[in-house]
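**Q** Give the three-dimensional model of this entry:
(2 chains, ligands or ions: 1)
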Amino acid sequence: MTQPRGRLREAVLANLEFKQRLVGSLLHPRLGYLDIDLYGFSEVVGFLCKPNPVLDLGELQTWLFATIGDHELAGKVAEVDALDLSYFEKAGRVRDLLALRLSQCLEPADHEDLS
Amino acid sequence: MNGYTGKILRVNLTSGRITRLDTREYSPWGGGHGLGSAIFFDLVKDKTIEGLDPRNVITIMTSPLTGTLIPGAASRTEMQGIGVQSYPIGWFTRSNVGGRFGPMLKFAGWDGIVIEGRAEKPVWLDLRNDEVRIEDARPLWGLDTWETQARIWKIVCGESFGDWNEVAGSEADGRTTQRPAVLAIGPAGENLARVGAVIHDAGNAAGQGGFGAVWGSKNLKAISVIGTGSVEVSDPREVLNARLWAKRNYGLNVDDPAALDQLLETSVHPRGTAVSPGSMPAPIVFWQWPRQSRPQACMGCPVGCRTRNQSGLGNESSCGESGVYAMYDLQKHSGLLAKAMSKLVGGMLAGLPLDPVLLLKGKQTDAAFRATDLLQKYGINAFEFLLGLLYLRSLYQMKKLGPGREIATDLPFDKLGEEELAEKLFHAVAYREAGLGDDLAEGFYRAAKKWGRLEEDLNSGLLRFAYWGLPDHYDPRFQLEWGYGSILGDRDINEHGFVALFMIGTLSQLLRKEPIVTAEEAAYLFTSRMAPFQGDLRMLDYSTENMYSESMVKLVAWHRRYTRFWKQSMLFCDLLFPDFINPAVPDKRGMLGEGEPRFFKAVTGSNLSFGDGIELGRKIWNLDNAIWTLQGRHRDLARFSPYIYQTPFNKPAYLPGLKNGKWEYLSVRGRSIDEKKFEEWKTRYYRFEGWDPTTGWPRARTLESLGLKSAADELKAAGRIGREET
Ligand code: SF4
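**A** Just a heads-up that it's a prediction; the model follows:
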């Protein structure tokens, strides 16, 4: 994916307002669904790392396109969504795409605390 | 009286009188909930009193199976009385606690405890076998639930745990190495918070109903029990055989790799497909399972669905309790997780080998565990906060809540996910600190009302409290028997017997895997054993066309009856029963219908059939409805929150249903409950139960046919008896 810069990079790293949030749900046998409000890109990545995350991939595309302004990534997610795969396989691929985008937006110094 | 000790402790806190009830008088009700409802009915003359009224009576009941080796039924204790959590009326309600309190009560020689009145000053009850004392609890007042228990352990056993202790009041072999089992309230209960819970050991809570506040109003800080006796059973050999039979035929053989593979193949979650003893005995937690931990179980349970952790944090807490703060912790620290993920993916794309250690960098902190521990220590109902915190976060993000905002608070909501906020928030609630803490001590529903937000937030679903001012659980728009059962009753039923259908249907779709049973097989597997309605397959038809049908009436009626007797009176754990679908059995047919009466007979010697139990459940359900009616229940009150009617459910949900004459796991996404049709369904339901459909009140003829003449008489005297059909 193209290296994001400027406004797009800021949007990927931003904390969002209430109306800009995305709602995900964890599927769990004791609860059915537990809704989780996601107020930023990294929260979405974190959410997709949990077991059984359910997120409407269509809504995610719209959110990436309109709220984050990441048309390229929205397109990539649409491509994944169109694949003949199970939802959870798609969600895994989408998680990796979002993680990659985040990786592009972080400064090298941001990774230092991981070493 | 095999299975029973024969006596129930009765303590009047006002007079200090300690007496006994003869269990025999109430044993036709079976045990647990049945006993509790019957005793409550007899002892509370004015059922319109509020939960905090000293005339309210609390019952804490075991079952004949408690303290035996019956799997999943040995440990639980049922608590009942008028609660303070529900809205608009604090219904006569129930909660249930596992651990070891119930067995210890039986070992001390008691089938249950009845608490009446109100002590003048704080007290605790000290039960050592037959000996019962009302002790001064002023030195304990103000302590949290863990400190209270530890203090009582010391008072009863001295400093030495694990050594043999003589227990007063005991007979010849009255020694034990055990600590007393203690039920205690924390500051939340003392300060009469409607979200106050009663806690036992580290993580067992009678959380629903606000019993913490009811205890607080009675000045009752704790009940401690230690016993050195045992439970007489009818056929000890058969008790053991029945347990082994269940283990061999219905338990998952964790030593068999093929069995494990097969289970995991049918589920992404080890417990994902079923509520069954055949599921993986894995902890049911939302937080990341601590690596240094071991399974922890309620007494006598072969499963052990919780953990005890080397860190000492989060011990015994499971289910929703573990989820209250876990996601916020993860989100707060998700920068690190996201970074770890991004580095991982970046590395993989660059051809580097996968570094699993990197993923661990993104793990949650201790905040998730500590927050849950705080709830247990303060004695706060965790489930209320599971959805409540989501609501508070929304209000904060909407800029409605915060310093100088509409809902003014200085609590640092920017630190949601950090321990600091959890500590400050839960402290504020437990101690009813002016402002947000005091508001939330009343529960989220009442708080929203006070803030003038209730209507708007129930319409939009921002406040996901679906029935009786209580938090949503399995959503009524898809899990019909759950929603219908809750609104016909007194609380979120929290009974998972049919949710395997949703999990199997939905997971198989989301994973694109074959379900472990087809929808048609599921319909047969379930309905063939739902006596007395067996054979009506459409009870399992969750399609929108069938959701208001007579078959759905039967499904709900059966579920209310099964749970009232087998689950809440015999006290089979909700995690294991009813065992409809068992992933460890070749034909997936669990032990439902066969196991329950076999276990019951082994302990009591009684030939009560499975169907007899269902019929007894009907009687108990009718008595409960009579009590609610006396409290002020009318069918017009039994309404869901507006979002259940107005907003379509918008997540994937697949349940068995008929489409063009064929069984499928149908998508029910996008549906809501049609208010008018649901009212018609209620009419059908009331008729079916023999209740007056215009009011929902029981009819005298129905009650009398069930042997509940005294309930009919009391309803008549109150002018609240249902009109007979002409
Ligand atoms: S399954 Fe869990 S909650 Fe149920 S009895 Fe066993 S340990 Fe206790």
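
**Q** excluding its backbone neighbours, what's nearest the residue nearest in space to the middle of chain A?
**A** The residue lying closest to the centre of chain A (C-alpha atoms, centre = their mean) is A:Val44, at 4.3 Å. Among residues not flanking A:Val44 along the chain, A:Leu38 sits closest, at 5.0 Å (C-beta to C-beta, 6 or more residues apart in numbering or on different chains). Heads up, the C-betas are built off the backbone N, CA and C, glycines and all.

**Q** next one: B:Tyr665
**A** That would be B:Gly505: by C-beta to C-beta, 6+ apart, it lies 3.5 Å from B:Tyr665.

**Q** Return the residues in contact with that neighbour.
**A** B:515, B:519, B:653-656, B:665-666 (C-beta atoms under 8 Å, 6 or more residues apart in numbering or on different chains).

**Q** Please save the CA atoms from stretch B:623-630 in CSV.
**A** Extracted in CSV, the C-alpha atoms of stretch B:623-630 (Å, rounded to 0.1, in the frame of the first residue of the first chain):
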residue,chain,number,x,y,z
LEU,B,623,-46.5,-19.4,42.8
ASP,B,624,-43.8,-16.8,41.7
ASN,B,625,-46.3,-15.2,39.4
ALA,B,626,-48.9,-15.1,42.2
ILE,B,627,-46.3,-13.2,44.3
TRP,B,628,-45.5,-10.7,41.5
THR,B,629,-49.2,-10.2,41.0
LEU,B,630,-49.6,-9.4,44.7
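
**Q** Can you give the distance from it to the centre of its chain?
**A** 21 Å (C-alpha atoms, centre = their mean, to the nearest Å).

**Q** who's in contact with that stretch?
**A** With C-beta under 8 Å, 6+ apart, stretch B:623-630 has contacts from B:37-38, B:40-41, B:47-48, B:91-92, B:489-490, B:564, B:633, B:689, B:691, B:696-698, B:703, B:708, B:711-712, B:714-715, B:718, B:720.

**Q** Give me the distance between B:Trp433 and the ligand.
**A** Wrong residue type there; residue B:433 is Glu, not Trp. Computed with C-beta to the nearest ligand atom, to the nearest Å, the distance linking B:Glu433 and the ligand is 33 Å.

**Q** Please report the distance of the residue nearest to B:Phe565 when sequence neighbours are not counted from B:Trp663.
**A** For B:Phe565, ignoring the flanking residues on the chain, the nearest one in space by C-beta to C-beta, 6+ apart is B:Gly617 at 3.4 Å. Here B:Gly617 is placed at a distance of 28 Å from B:Trp663 (C-beta to C-beta, to the nearest Å).

**Q** ok now do B:Gly36, which residues does it touch?
**A** B:59-61, B:78-80, B:94, B:112.

**Q** What's the first helix or strand after the helix or strand harbouring it?
**A** Using DSSP states H and E, B:Gly36 maps to helix B:32-43. Sequence-wise, the next helix or strand downstream of helix B:32-43 (DSSP H and E) is strand B:58-61.

**Q** which helices and strands sit right next to that next one?
**A** Applying 3 or more C-beta pairs under 8 Å, 6 or more residues apart in numbering or on different chains; DSSP states H and E, one finds that strand B:58-61 contacts helix B:32-43, strand B:77-82, strand B:112-116, helix B:211-217.

**Q** who touches the helix or strand hosting B:Pro597?
**A** Applying DSSP H and E as the criterion places B:Pro597 in helix B:595-604. The contact list for helix B:595-604 (C-beta under 8 Å, 6+ apart) reads B:2-4, B:64-65, B:68, B:70, B:73, B:231, B:233-235, B:238-239, B:241-242, B:245-246, B:250, B:566, B:570, B:572, B:577, B:579, B:606-610, B:613.

**Q** who has more neighbours, B:Gly617 and B:Trp663?
**A** B:Gly617 (27 against 19; other C-beta atoms under 10 Å in any protein chain shown).

**Q** secondary structure class for the residue lying farthest from the centre of chain A?
**A** Most distant residue from the mean C-alpha position of chain A: A:Arg30, 25.6 Å away (C-alpha atoms, centre = their mean). Per DSSP: H, G, I helix; E, B strand; the rest coil, the secondary structure class of A:Arg30 is coil.

**Q** next one: B:Leu183
**A** Once three-state DSSP is applied, B:Leu183 turns out strand.

**Q** And for it, the neighbour number?
**A** Other residues close to B:Leu183 by other C-beta under 10 Å number 32.

**Q** What's the separation between it and B:Asp201?
**A** 10 Å.

**Q** rewinding a little: tell me which element the residue nearest to the centre of chain A falls in.
**A** Under the criterion of DSSP H and E, A:Val44 resides in helix A:41-48.

**Q** could I have that helix exported to CSV, CA atoms only?
**A** Extracted in CSV, the C-alpha atoms of helix A:41-48 (Å, rounded to 0.1, in the frame of the first residue of the first chain):
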residue,chain,number,x,y,z
PHE,A,41,-7.9,2.9,14.1
SER,A,42,-5.7,1.2,16.7
GLU,A,43,-8.7,0.3,18.7
VAL,A,44,-10.1,-1.4,15.6
VAL,A,45,-6.9,-3.4,15.2
GLY,A,46,-6.9,-4.3,18.9
PHE,A,47,-10.6,-5.4,18.6
LEU,A,48,-9.8,-7.6,15.6
